[in-house]
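S.K.: let's see this in three dimensions:
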Amino acid sequence: MGEEYCLGVITASSREEAERIAEALVHERLAACVTIVPEVESVYWWEGQVVRDREALLLVKTVRAKWPMLMAAVKERHSYQVPEIIALPIVEGSEAYLEWLERSLRAS
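M.R.: Numbering: from 1, shown residues only. Next up is the predicted model:
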């Protein structure tokens, strides 16, 4: 287990958009798993105003080496002008889960 693991946090405009993005990331082996939280409420600044939106949240399990390709794949499919696509390091995890994560990201 020599990889740097990370958790991607991405918001999408709808559950449908989140599902499309998640399917593509897993299919292309850019993510081992994407958990979709179908509805969250976000409050943020946009174009000089405070905006409140219902969005879907994606929690993406991957490795840092795949992050640039993952970001490009998300931007290609995302409806937002400035999508939230951030990565957080995974500093600890179940050894069995992290081994599964690595195996899942390899091309078969």
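
S.K.: could you list everything residue 8 pairs with in the sheet?
M.R.: Beta-bridge partners of residue 8, counted by DSSP bridges, are residue 60, residue 87.

S.K.: pretty sure it sits against residue 31.
M.R.: Yes - here residue 8 lies in contact with residue 31, judged by CB atoms under 8 Å, at a distance of 7.3 Å. For the C-beta atoms, the positions are set from N, CA and C on the backbone; glycine is no exception.

S.K.: more neighbours, the two?
M.R.: Neighbours per residue (other CB atoms under 10 Å) separate residue 8 from residue 31, with residue 31 holding more: 26 against 23.

S.K.: give me the residue at the spatial middle of this protein.
M.R.: The residue lying closest to the centre of the chain (CA atoms, centre = their mean) is residue 60, at 3.6 Å.

S.K.: hey, which helix or strand in this structure has the poorest pLDDT?
M.R.: The weakest-scoring helix or strand in the chain, judged by mean pLDDT, DSSP states H and E, is helix 95-105 (a mean of 94).

S.K.: ok, which stretches of the chain are helices?
M.R.: 15-27, 67-77, 95-105 (DSSP state H).

S.K.: how far does the first one sit from its chain's centre?
M.R.: A distance of 9 Å separates the C-alpha centroid of helix 15-27 from that of its chain, computed with CA atoms, centre = their mean, to the nearest Å.

S.K.: repeat for stretch 71-81
M.R.: 11 Å.

S.K.: same check on stretch 40-53?
M.R.: Distance, stretch centre to chain centre, for stretch 40-53: 20 Å (CA atoms, centre = their mean).

S.K.: with stretch 51-60 instead?
M.R.: Using CA atoms, centre = their mean, the offset of stretch 51-60 from its chain centre is 11 Å.

S.K.: okay, buried residues for it please.
M.R.: 55-60 (16 or more other CB atoms under 10 Å).

S.K.: which residues touch residue 31?
M.R.: 8, 22, 25, 60-62, 66, 70, 105 (CB atoms under 8 Å, 6 or more residues apart in numbering).

S.K.: please identify which of the residues you listed is nearest to residue 99.
M.R.: Distance to residue 99, by CB to CB, is smallest for residue 105 among the contacts of residue 31, at 11.2 Å.
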